[in-house]
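Asks: this is a predicted model, with the sequence first.
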Amino acid sequence: MGKLEYIVQKAGDNAYPLHLGVDERREVLVLQECPGKADFDIRLGSGAQLDLTVISMACSKAGACAEPRNIVNGFKVNLDSENAVCNLNGVYLVDSGNRVTNKVDMNHNVGHCISNQLFRGILWDSSRSDFEGRIYVAPDAQKTEAYQANNNIVESEQARAHTQPHLEIYADDVKCSHGATVGNKESGELFYMQSRGISLANAKVLLKQAFLLGVLEKISDDDLKEEMSMKILSSLR
Amino acid sequence: MGKILEIKNLHAKLKEGREILKGIDLTINEGEVHAIMGPNGAGKSTLSAVLAGRDTFEVTEGEVTFMGENLLEMLPEQRSWAGIFLGFQYPVEIPGVSNTNFMKAAVNEHRKAKGLPELSAAEFIRMMKEKMAIVQMNQSFSSRGVNVGFSGGEKKRNEIFQMAMLSPKLAILDETDSGLDVDALRIVGNGVTQLKTPQNASLVITHYQRLLDYIVPDIIHILYDGRIVRTSGAELAREVEDKGYDWIIKSL
Amino acid sequence: MKQEELKKTNRSIEEIYASDYKEGFVTDIEQEFIPKGLNEDIIRLISSKKEEPQWLLDFRLEAFHKWQKMTMPSWGHLDIPAIDYNDIIYYAAPAAKKQAAEGEKKEIDPELARTFDKLGIPLHERDILAGVAVDAVFDSVSVKTTFRKNLSEKGIIFCSFSEAVKEYPELVRKYLASVVPSGDNFFSALNSAVFSDGSFCYIPKGVKCPMELSSYFRINAKGIGQFERTLIVADEGSYVSYLEGCTAPQRDENQLHAAVVEIVVEKDATVKYSTVQNWYPGDKDGKGGIYNFVTKRGICKGENSKLFWAQVESGSAITWKYPSTILKGDNAVSEFYSVAITNNYQQADTGTKMIHIGKNTRSRIVSKGISAGRSQNSYRGLVKVLPNAENAVNFSQCDSLLIGDKCGAHTFPYIDCANSSAVLEHEATTSKISEDQLFYCRQRGITAEDAVGLIVNGYAKEVLGKLPMEFAVEAQKLLSLSLEGSIG
């Protein structure tokens, strides 16, 4: 794998043309701390692999930009050549009146490609998150593997999490799945930690860390992984 | 001693690929137990799949006569009705379909093919219990999905149980010993031995000699590169065990 | 095994298909029709035929005015040809109906009795499966409701909708459109304007209905649409299990069926609603078949109320249907279990909505889609948790099974959560019947077609298990039958 490209996104509109050639591999990490829009236009050549992680910090503890901090991400992926692999990862922390939108349009236009989507976020106050993920598998795109997961933890009565995963499948020899959760089935783990002497508040933070680290561990560069983890952990409450 | 299976100059290839069987000749008579041994990639599993009618292979040359009929013209289910049973190396999982329902469908199709009426529920359950005892299978297996969540040993026992239910003329056991511990091996071996009659026959396909301690063959064939290169009595298995396949291949 | 050989030994697909839909016959009976078309006069005519009170006519006209301003929903994953609503006959009834209309005493036309016999729904109580009461609806009218008297001894009201309007107007007026407002959607507005008959059922406080209640809907006449309305009210602490079945003749023209079902479940009451939908699906080229555009909704109004949906959708050229539950009472529970199977050119867009309003409300969705031929099968669902729905829980499982490479399977779940204590989970998978499974079955002597039936029934087992026994057996056969000709 080539060196990880790390981009700190500017406020306003941003375009990311990510067009990979045959057998090319790229890993991209985007940190978003300002309001803005990002359009990821992803096209992969045969045998190419893209690992993209987008961290959206729409919370008051982080970032230099003023609120409201609305972040909109559009991922348009076209898999037009065989044996390509596309991994999309997202983390979002949203509070006060902020809003994060992740819209994924994953098009398996030919067979023998793999796509993975993993988006996780936590919402506080009167924030809102929208996840719209579409997986399209074209007729004859056999041996496609497409997976998608969106997990949300809602921390306040006023916050709203919307998740809308779509699967549109027109080929039969495929492996596709998607999962979405809102809320946290944590009572067992919490109690276990409490019984080991960890306070409830701390136990909850630990679980949220684990929840987000599930995405951050996809970052291959250890220093950046550490930096991102620290940034996120300091924003948890 | 009637002839059950006669294979003459059988050639078969992968549907879109290379030739795997390059001229097999083999005759199996009533009451006989044959074993086919050979190194990996020799074509052992291909031979069993071709005999059962798997459509991933294409027969390019040769004849196979089973109980006087042209086997190669039959559908897989017709071969089953005619008396061919294949014990799978990797038994397939069918979620949601209970072992009982699966076997009921199979047994009744067999009876239909023979012009017999369907078994009543009571008759069928009696038969299930009786045959499950042969492989020491727990009753709880009957309500579980076919092979779903079964251990390797349980799957193989289930194969022998199904064989007992369908009482085939010719049982082809494809690497039935793979993934079995000694206890399971004994149960499977005893099961097969119990099911042996002077009218049926078995073809045991194996890489190792150890299963042949439990199922003693009358005749052993060594399959190598798509051909049977040696045929001999049970003592051949020992030779393989002691000296390996290389020795036999080199001595050709 | 080679496909050609498979075909040789199995019956030809055409042959199977011709014999496939055994309910496709037409009953030759003298019928009374009103003119084609949809306008205020037609609505007044329907209302006057049914000798309705003014309030109900007003309800119809209001709904019609709403409908005129609405357009057909286009968000479904469906390709619906344009429908000329003025080219439909909105009322057709067997002529004999005119002579007598007094519930059980009326003598049913022998030809009609034969029709229902043939459909497996005998209307003479002595012949009926013990423990199932039937309301038989033929085109636009209910022709017979069995066991009315036995049920009334327990205070249970089970009759046709028209009779309910005459005999229990206050109950009908109280609950009509209380769950599905007339302007809820295009088809509910249309139904509210022109509905002709259907079933009405009221289970009083504390009563456990001793038998299964059922409605059987039959479309017979050419050129008509069927617009029935079912209203079920389960008062506090009561229980009822309700079944619904339907069939129609085999015709080259499409016919419209737009029903509304409303269910009210009061405190501590339980309603089970099961459907086996077997409308004519059209032929192998996609010609003909019923357009099934149905609004079904229940409200778990009181605390601890429960509503269970179970459905097998095998028929119709196009299905647009989302049985839904509003979980209003605290601790209310709702489940939705569905198998939708499409073959040839059928299209189905079906699913459910679970709206959590009350505290500790729980819902579960299990949807199994099976697509074969050139069909398109979609699951569409909404799980919505309102701010006050503390500790709401939902689990959704949506699986798709594809048979062949010309069909499509789609899932469109939507989760909208506004409460931090809610736990909502959704899972979806897509699979196919593997060659290995098929070969394994065939090696054991099970024919390819039987193997598909076996595997599909295994796949749908969880849902079939939720149907009442008599229905489950019927549904199993239906699943295997619907897939005949889908392989080979």
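Replies: That came through, no problem. These numbers come from a predicted model, not from an experiment. Numbering: from 1, shown residues only, chains lettered A, B, ... in the order given.
Asks: now do the strands in chain A.
Replies: A:5-8, A:12-20, A:25-32, A:36-44, A:49-58, A:70-79, A:85-94, A:99-108, A:114-123, A:128-137, A:145-154, A:160-169, A:175-182 (DSSP state E).
Asks: can you count the residues close to the closest residue to chain C within the stretch 1-150 of chain B?
Replies: Using Cβ to the nearest Cβ, the single residue of the stretch 1-150 of chain B nearest to chain C is B:Gly96, 2.8 Å away. (Each C-beta comes from the backbone N, C-alpha and C, glycine too.) Residues lying near B:Gly96 (other Cβ atoms under 10 Å in any protein chain shown) number 19.
Asks: any idea which element it lies in?
Replies: strand B:94-98 (DSSP states H and E).
Asks: what residues are up against C:Val339?
Replies: Taking Cβ atoms under 8 Å, 6 or more residues apart in numbering or on different chains, we find C:Val339 in contact with C:311-313, C:368-370, C:460, C:463-464, C:475, C:479.
Asks: and those, which is closest to chain B?
Replies: C:Ala460 (7.5 Å).
Asks: was I right about that closest one contacting C:Val366?
Replies: No - under the criterion of Cβ atoms under 8 Å, C:Ala460 makes no contact with C:Val366, lying 10.0 Å away.
Asks: these two: who's more crowded?
Replies: Ranked by neighbour count (other Cβ under 10 Å), C:Ala460 and C:Val366 place C:Ala460 first, with 26 against 19.
Asks: tell me the pLDDT at that one?
Replies: pLDDT recorded at C:Ala460 is 88.
Asks: could you find the closest non-adjacent residue to it?
Replies: Spatial nearest neighbour of C:Ala460, chain neighbours left out: C:Val339 (4.4 Å); criterion: Cβ to Cβ, 6 or more residues apart in numbering or on different chains.
Asks: pLDDT averaged over the helix or strand hosting that neighbour - what is it?
Replies: Assigned by DSSP H and E, C:Val339 belongs to strand C:333-342. On average, the pLDDT along strand C:333-342 is 93.
Asks: quick check on C:Val260: phi, psi?
Replies: Here is the backbone geometry of C:Val260 (degrees, to the nearest 10): phi -130, psi 130.
Asks: wait, it touches C:Ile232, no?
Replies: No - assessed by Cβ under 8 Å, C:Val260 is found out of contact with C:Ile232, at 11.8 Å.
Asks: these two - which one has more neighbours?
Replies: A direct count of neighbours by other Cβ under 10 Å for C:Val260 and C:Ile232 places C:Val260 higher, at 28 against 25.
Asks: distance of C:Gln68 relative to C:Asp41?
Replies: C:Gln68 sits 14 Å away from C:Asp41 when distances are taken as Cβ to Cβ, to the nearest Å.
Asks: ok, now C:Ala348?
Replies: 35 Å.
Asks: what's the answer for C:Arg364, then?
Replies: Distance from C:Arg364 to C:Asp41, by Cβ to Cβ: 47 Å.
Asks: so for these two, which residue has more residues nearby?
Replies: Under the neighbour definition other Cβ under 10 Å, C:Arg364 and C:Asp41 were set side by side, and C:Arg364 has more, 16 against 11.
Asks: show me what contacts B:Ser167?
Replies: B:195, B:200.
Asks: now do the same contact list for the residue lying closest to A:Leu123 once chain neighbours are set aside.
Replies: Nearest residue to A:Leu123, sequence neighbours excluded (Cβ to Cβ, 6+ apart): A:Ala159, at 3.9 Å. Neighbouring residues of A:Ala159 by Cβ under 8 Å, 6+ apart: A:94, A:123-128, C:418, C:420.
Asks: sorry, back to before: most neighbours out of the contacts of C:Val339, which is it?
Replies: Busiest of the contacts of C:Val339 [other Cβ under 10 Å] is C:Val312, holding 30 neighbours.
Asks: once you drop chain neighbours, what's closest to that one?
Replies: C:Val312 sits nearest to C:Ala475 (Cβ to Cβ, 6+ apart), 4.4 Å away.
Asks: now do the SS call for that neighbour.
Replies: helix (DSSP: H, G, I helix; E, B strand; the rest coil).
Asks: if I look at it, how far off is chain A?
Replies: 24 Å (Cβ to the nearest Cβ, to the nearest Å).
Asks: before we move on, what about C:Thr430?
Replies: Taken as Cβ to the nearest Cβ, the span from C:Thr430 to chain A is 4 Å.
Asks: do C:Ala392 as well
Replies: Counting by Cβ to the nearest Cβ, the gap from C:Ala392 to chain A is 9 Å.
Asks: what residue is smack in the middle of chain A?
Replies: A:Gly90 (1.6 Å; Cα atoms, centre = their mean).
Asks: hmm, it is touching A:Arg120, no?
Replies: Yes - here A:Gly90 lies in contact with A:Arg120, judged by Cβ under 8 Å, at a distance of 7.3 Å.
Asks: so what's A:Lys3 up against?
Replies: A:Glu27.
Asks: next one: A:Pro68
Replies: A:Pro68 touches A:35, A:96-99, counting by Cβ under 8 Å, 6+ apart.
Asks: how near is B:Tyr208 to B:Gln139?
Replies: Taken as Cβ to Cβ, the span from B:Tyr208 to B:Gln139 is 32 Å.
Asks: which of the two has more neighbours?
Replies: A direct count of neighbours by other Cβ under 10 Å for B:Tyr208 and B:Gln139 places B:Tyr208 higher, at 14 against 10.
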